[in-house]
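> I'll drop the sequence and a predicted model, then ask my questions.
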Amino acid sequence: MWLAAAAPSLARRLLFLGPPPPPLLLLLLSRSSRCRRRLHSLGLAAMPEKRPFERLPADVCPINYSLCLKPDLLDFTFEGKLEASAQVRQATNQIVMNCADIDIITASYVPEGDEVPRPGIEPRLLSVKARSPNHWTARESPTDCVFRCFDNRKQFSDNFEIHATGFNYQNEDEKVTLSFPSTLQPGTGTLKIDFVGELNDKMKGFYRSKYTTPSGEVRYAAVTQFEATDARRAFPCWDEPAIKATFDISLVVPKDRVALSNMNVIDRKPYPDDENVVEVKFARTPVMSTYLVAFVVGEYDFVETRSKDGVCVRVYTPVGKAEQGKFALEVAAKTLPFYKDYFNVPYPLPKIDLIAIADFAAGAMENWGLVTYRETALLIDPKNSCSSSRQWVALVVGHELAHQWFGNLVTMEWWTHLWLNEGFASWIEYLCVDHCFPEYDIWTQFVSADYTRAQELDALDNSHPIEVSVGHPSEVDEIFDAISYSKGASVIRMLHDYIGDKDFKKGMNMYLTKFQQKNAATEDLWESLENASGKPIAAVMNTWTKQMGFPLIYVEAEQIEDDRLLRLSQRKFCASGPYVGEDCPQWMVPITISTSEDSSHAKMKILMDKPEMNVVLKDVKPDQWVKLNLGTVGFYRTQYSSAMLESLLPGIRDLSLPPVDRLGLQNDLFSLARAGIISTVEVLKVMEAFVNEPNYTVWSDLSCNLGILSTLLSHTDFYEEIQEFVKDVFSPIGERLGWDPKPGEGHLDALLRGLVLGKLGKAGHKATLEEARRRFKDHVEGKQILSADLRSPVYLTVLKHGDGTTLDIMLKLHKQADMQEEKNRIERVLGATLSPELIQKVLTFALSEEVRPQDTVSVIGGVAGGSKHGRKAAWKFIKDNWEELYNRYQGGFLISRLIKLSVEGFAVDKMAGEVKAFFESHPAPSAERTIQQCCENILLNAAWLKRDAESIHQYLLQRKASPPTA
Ligand code: BES
Ligand code: ZN
């Protein structure tokens with residue numbers, strides 16, 4: 001029924017002939033089942049048991065938090081005082097809140113209005129201090145001095161104050177139960193808690209971040225990172241996204257420090273008895289979730305502007321680097337009005353600050369009104385930043401500002417719907433960058449960066465549905481992955497295309513207006529979009545968000561007079577081959593079909609809602625090609641019959657297929673080869689057809705796949721032959737581009753040049769290597785500084801083909817670098833070094849003081865991905881230093897990234913067992929799924945190698961003997 005509603009004119013053309021299953025699919029089922037059995041025999045297929053978890057009871061909830069914090073930037077502690085006005089919904093004598101790594105000193109509850117304590121109980125006698133950490137009481141009692149900031153707040157009669165008699169910390173659950181000697185009656189009241197905590201160095205909760213002043217002195221800032229479940233490390237709270245409240249925040253800080261929070265400052269006054277300290281008070285926030293609260297105390301400069309829609313925007317930078325905030329400031333000032341228009345909802349706060357934090361685990365965090373970033377995701381230096389950094393800053397700013405509406409104003413009801421936040425922001429960041437920088441051709445880059453990445457992960461048996469039930473914090477950490485982000489963004493892109501921009505926008509506005517200041521679930525978004533578009537959104541989208549994976553659409557064609565009949569069938573695509581078994585999941589797949597007559601417009605759009613479907617395309621001449629998935633928008637892979645594929649390939653060589661379609665076709669073929677559905681040699685031949693390719697993103701995706709293949713073949717003794725292949729594929733474009741920018745070139749040319757030279761240099765292309773060495777020498781000697789865009793490829797090339805001296809020079813450049821971007825650039829290529837001693841030196845460097853804790857991961861990952869020896873050495877290093885690494889990130893998502901980067905390149909069955917065994921004795925709860933995925937990938941690599949290594953070798957030898965002519 002909805003088929004007709006979706007596309008009435010198209011529905012009439014559909015023929016439901018029900019073809020037999022394509023023979024190739026049947027053939028492959030046995031192979032796929034073998035691999036799955038192998039996973040089972042290693043015990044890798046099933047996920048471990050879920051940890052017990054309960055959400056907070058709903059009997060008491062917060063209305064407003066008055067929170068005053070006094071961080072000590074020298075001894076890394078903080079003192080806190082909370083006065084939360086709360087509503088007791090059901091009589092109770094205990095309050096359960098979240099609390100972790102915090103010591104509560106006193107807690108009491110003061111009922112408001114005329115509620116009185118139960119008769120027979122003498123409140124004064126009940127006052128008990130359950131705990132009193134000595135570092136607090138030694139100096140002064142909290143109520144005496146530290147918290148005078150609350151003096152002017154509403155006073156309650158002391159008689160009515162019910163002091164908690166016990167604080168029962170449930171450390172595992174990160175909760176505390178406050179027990180009261182009398183029943184708290186339904187109504188409102190104030191919960192008062194005095195507490196102390198540590199400014200930790202784990203980049204979560206309220207933590208310290210190290211920086212060096214322009215004069216060289218090491219100091220610390222106090223900053224926050226609360227998402228997903230770490231606000232509870234800064235103050236006792238109801239730390240769940242649906243338990244919203246307003247916040248009145250005050251910070252007691254040294255008077256020469258910048259103090260920031262979500263809202264604007266409303267008062268700043270001297271702190272009694274200490275002339276070096278001030279109390280800074282911020283305006284009340286809107287109703288919001290705890291994970292979005294933020295505060296920063298440190299030394300910063302800023303640049304400022306007012307956006308067209310009247311919001312005060314500031315970018316805070318390290319002292320002396322305000323200039324580096326200008327690019328992000330411009331992007332933010334353009335982005336705010338863009339979102340205001342798109343959502344038709346104004347930004348609700350008077351200001352927004354974007355601040356660069358030196359030690360920062362994620363890329364950036366969308367705290368309402370105070371967005372925190374890694375330095376490399378915010379700062380741009382006109383001379384020393386490369387084009388890809390500029391693009392990254394634009395995307396990250398676009399992403400975090402989108403959350404100000406989608407996430408902050410309307411918040412997911414529970415972490416199960418995290419994808420709503422992250423998938424949506426990861427989609428709209430591209431829309432925003434496309435608006436601000438059309439020259440980036442950013443949507444093509446989406447396909448290579450997000451869409452294909454998501455498909456790679458989602459083809460695994462150990463993937464998970466977009467909507468996944470989560471409870472315990474380690475399970476929540478685990479879903480900040482490519483499924484929530486990249487698959488989430490990809491299915492929204494597909495949905496946007498299916499609905500059309502006008503109705504999509506209308507639906508977004510309905511959703512944001514209806515749920516503003518509240519919480520919503522996935523189905524709420526579908527309902528709004530369904531109302532706006534009249535299309536069956538929930539029915540379609542449930543097939544994409546509630547089940548994992550995606551389909552492989554097999555298509556074959558038959559010419560019937562002037563028409564083309566297409567037979568389509570869908571089956572779940574698995575990395576080990578098509579799905580085997582009875583109950584194959586099905587999707588409702590919006591499919592577009594184009595022909596060579598007009599390669600950039602869909603000739604037909606259908607919604608495939610069955611396992612098999614036939615379609616007749618009218619007036620398609622026998623010599624025309626037909627292609628599925630115009631723009632690579634539909635979240636599926638396509639397998640063409642040999643005849644159809646044959647007819648498409650010339651479109652790669654003569655560029656008559658649009659870039660994003662060339663990219664998608666190549667990527668599909670590559671993954672089909674990896675899954676054993678076609679041979680890898682077939683894909684190598686297709687790759688050779690890209691000789692005339694001008695498009696950066698197409699090259700980037702091809703390069704990425706060749707990188708995967710190189711890593712695989714590093715397990716063989718013909719690694720050098722694949723390097724020859726890489727050189728052959730990349731040298732024509734390398735020659736066309738040369739080393740120096742030509743007049744009129746733009747952003748994408750700069751990206752392409754860096755990519756191609758890096759690839760050629762790494763593969764040992766002689767001319768590239770020589771020129772890289774020459775330019776590196778001039779750079780180091782200060783004769784001619786390398787342009788920022790050429791640095792990564794040159795560093796990589798000289799290191800890979802260099803010696804201990806080259807490594808020492810790189811480490812010196814690292815030390816001298818003033819910008820974190822330059823330090824990261826160097827850190828990421830260090831793993832290219834080849835000799836075992838130098839590799840060891842790089843690994844030791846990764847854990848040294850020279851590398852920021854969040855960047856250790858990319859140094860070790862770089863070693864693992866850099867060479868065959870590096871892979872083994874990195875794994876050994878992780879095992880040997882496990883305790884330190886685990887402790888450094890306290891679980892968290894960085895540990896997952898480290899594991900993934902370091903073990904995924906193995907291609908020997910027994911390594912899957914070894915990895916599994918290691919993590920059984922060294923548990924990393926938040927990385928459990930990642931570990932399963934890595935083991936699955938190792939087995940897939942091993943199977944791929946066994947299957948195709950010999951034929952690849954033969955093909956490469958034969959090619960060498962008689963090189964193909966272009
Ligand atoms: N909300 C996240 C930050 C975050 C990530 C918190 C992981 C907790 C765990 C933020 O909006 C985000 O998605 N940041 C990205 C950058 C973005 C451009 C994809 C990140 O940190 O990688
Ligand atoms: Zn995000």
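Perfect, thanks for sending it. Ligands and ions are numbered 1, 2, ... in the order given.

> lowest-confidence helix or strand of the chain?
Sorted by mean pLDDT, DSSP states H and E, the helices and strands of the chain end with strand 14-15, the least confident at a mean of 24.

> could you pull out the strands for the stretch 551-700 of the chain?
Here the stretch 551-700 of the chain has its strands, by DSSP state E, counting those that start in this stretch, at 551-560, 563-574, 577-578, 589-595, 604-608, 612-617, 626-628, 637-640.

> in its sheet, what does the first one sit against?
Spelled out, that is strand 551-560. Strand 551-560 has its sheet partners listed here by DSSP bridges as strand 563-574 (antiparallel), strand 637-640 (parallel).

> contacting residues around the shortest one?
For strand 637-640, contacts defined as C-beta atoms under 8 Å, 6 or more residues apart in numbering pick out 24, 455, 550-556, 573, 628-629, 648, 668, 671-672, 677-678. Any C-beta I mention is one placed from the backbone N, CA and C, and that applies to glycine too.

> close to ligand 1: what parts of the stretch 751-900 of the chain are there?
Residues of the stretch 751-900 of the chain lying close to ligand 1 (C-beta under 6 Å from any ligand atom) are residue 893.

> before we move on, back to that, could you turn the buried ones of the contacts of strand 637-640 into a ChimeraX selection?
Remark: buried members of the contacts of strand 637-640, expressed as a ChimeraX selection using 16 or more other C-beta atoms under 10 Å:
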select :455,550,551,552,553,554,555,556,573,628,629,648,668,671,672,677,678
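
> hmm, back to that, quick one, which of the strands paired with strand 551-560 is packed in tightest?
Among the strands paired with strand 551-560, strand 637-640 has the highest mean neighbour count (mean count of other C-beta atoms under 10 Å), at a mean of 24.

> I'd like the average pLDDT over that one.
Across strand 637-640, the average pLDDT comes to 98.

> ok, now stretch 802-809?
Per-residue pLDDT over stretch 802-809 has a mean of 98.

> next: stretch 285-296.
Average pLDDT, stretch 285-296: 98.

> output that stretch in CSV, but only the C-alpha positions, please.
Provided in CSV are the C-alpha atoms of stretch 285-296 (Å, rounded to 0.1, in the frame of the first residue of the first chain):
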residue,chain,number,x,y,z
THR,A,285,20.6,26.9,32.6
PRO,A,286,17.5,25.7,30.8
VAL,A,287,16.2,22.3,31.8
MET,A,288,18.9,19.9,30.7
SER,A,289,20.6,16.5,31.2
THR,A,290,23.5,16.1,33.6
TYR,A,291,25.9,14.8,30.8
LEU,A,292,25.8,18.2,29.2
VAL,A,293,26.9,20.2,32.2
ALA,A,294,30.4,21.6,31.9
PHE,A,295,32.9,23.8,33.6
VAL,A,296,36.5,24.9,32.8
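
> SS state for residue 782?
Three-state call for residue 782 (DSSP: H, G, I helix; E, B strand; the rest coil): coil.

> ok, the one 3 residues further on next?
Secondary structure state of residue 785, per three-state DSSP, is coil.

> next, give phi and psi for residue 792.
Main-chain torsions, residue 792, degrees, to the nearest 10: phi -50, psi -50.

> follow-up on the earlier one: so which of the strands of the stretch 551-700 of the chain is nearest residue 415?
With distances scored as C-beta to C-beta, the stretch of the strands of the stretch 551-700 of the chain nearest to residue 415 is strand 563-574 (26.1 Å).

> between strand 604-608 and the closest one, find me the angle.
Interaxial angle of strand 563-574 relative to strand 604-608 (axes from the mean of the first three to the mean of the last three C-alpha atoms, to 10 degrees): 40 degrees.

> pick out the shakiest of the strands of the stretch 551-700 of the chain, pLDDT-wise.
Of all these, strand 577-578 carries the lowest average pLDDT, namely a mean of 84.

> check which helices and strands the lengthiest helix in the chain is in contact with.
In the chain, with assignment by DSSP state H, the single longest helix is helix 928-961. Using 3 or more C-beta pairs under 8 Å, 6 or more residues apart in numbering; DSSP states H and E, the elements in contact with helix 928-961 are helix 23-41, helix 473-478, helix 659-674, helix 680-688, helix 696-713, helix 719-737, helix 892-903, helix 909-921.

> buried residues in that helix?
By 16+ other C-beta under 10 Å, the buried positions in helix 928-961 come out as 928-945, 947-949, 952-953, 955-956, 959.

> now that helix against helix 909-921, angle please.
Interaxial angle, helix 928-961 versus helix 909-921 (the same axes, to 10 degrees): 160 degrees.

> residue 905 contacts residue 710, correct?
No - contact criterion C-beta atoms under 8 Å: residue 905 and residue 710 do not qualify, at 10.1 Å.

> quick one on the thing from earlier: near ligand 1 too, which of the buried residues of helix 928-961?
Near ligand 1, judged by C-beta under 6 Å from any ligand atom, there are no entries from the buried residues of helix 928-961.

> for stretch 212-219, give the mean pLDDT please.
Stretch 212-219 shows a mean pLDDT of 94.

> could you give the number of residues near the residue in the stretch 501-650 of the chain positioned nearest to ligand 1?
Evaluated by C-beta to the nearest ligand atom, the stretch 501-650 of the chain has residue 519 as its residue closest to ligand 1, separated by 16.0 Å. By other C-beta atoms under 10 Å, 18 other residues sit near residue 519.

> again, but for residue 105
Other residues close to residue 105 by other C-beta under 10 Å number 22.

> not counting sequence-adjacent ones, nearest residue to it?
residue 194 (4.3 Å; C-beta to C-beta, 6 or more residues apart in numbering).

> check the gap between that neighbour and residue 495 for me.
The spacing between residue 194 and residue 495, counted by C-beta to C-beta, to the nearest Å, is 49 Å.

> again, but for residue 181
As judged by C-beta to C-beta, residue 181 and residue 495 stand 55 Å apart.

> those two: which is more packed in?
Neighbours per residue (other C-beta under 10 Å) separate residue 181 from residue 495, with residue 495 holding more: 24 against 19.

> give me the element that one is part of.
Assigned by DSSP states H and E, residue 495 belongs to helix 488-499.

> thought residue 674 was touching residue 940, still the case?
Yes - with contact defined as C-beta under 8 Å, residue 940 counts as touching residue 674 (7.1 Å).

> overlap in contacts of those two?
Taking C-beta under 8 Å, 6+ apart as the contact rule, the neighbours common to residue 940 and residue 674 are residue 575.

> for this structure, what lies in contact range of ligand 2?
Neighbours of ligand 2 within the chain, by C-beta under 5 Å from the ion: 422, 425.

> just for the chain, where's the confidence low?
Applying pLDDT under 70 to the chain flags the ranges 1-49, 114-159, 964-966.

> could you chop it up by domain?
Following the TED database, the chain resolves into domains at 56-112+159-298, 300-404, 405-546, 836-965.

> is the second one anywhere near ligand 1?
So the one you mean is domain 300-404. Yes - applying C-beta under 6 Å from any ligand atom, one finds that domain 300-404 is in contact with ligand 1 at 362, 363, 364, 365, 366, 395, 396, 399, 400, 403.

> near ligand 1, which residues of this structure show up?
Residues of the chain lying close to ligand 1 (C-beta under 6 Å from any ligand atom) are 227-228, 362-366, 395-396, 399-400, 403, 422, 425-426, 480, 893.
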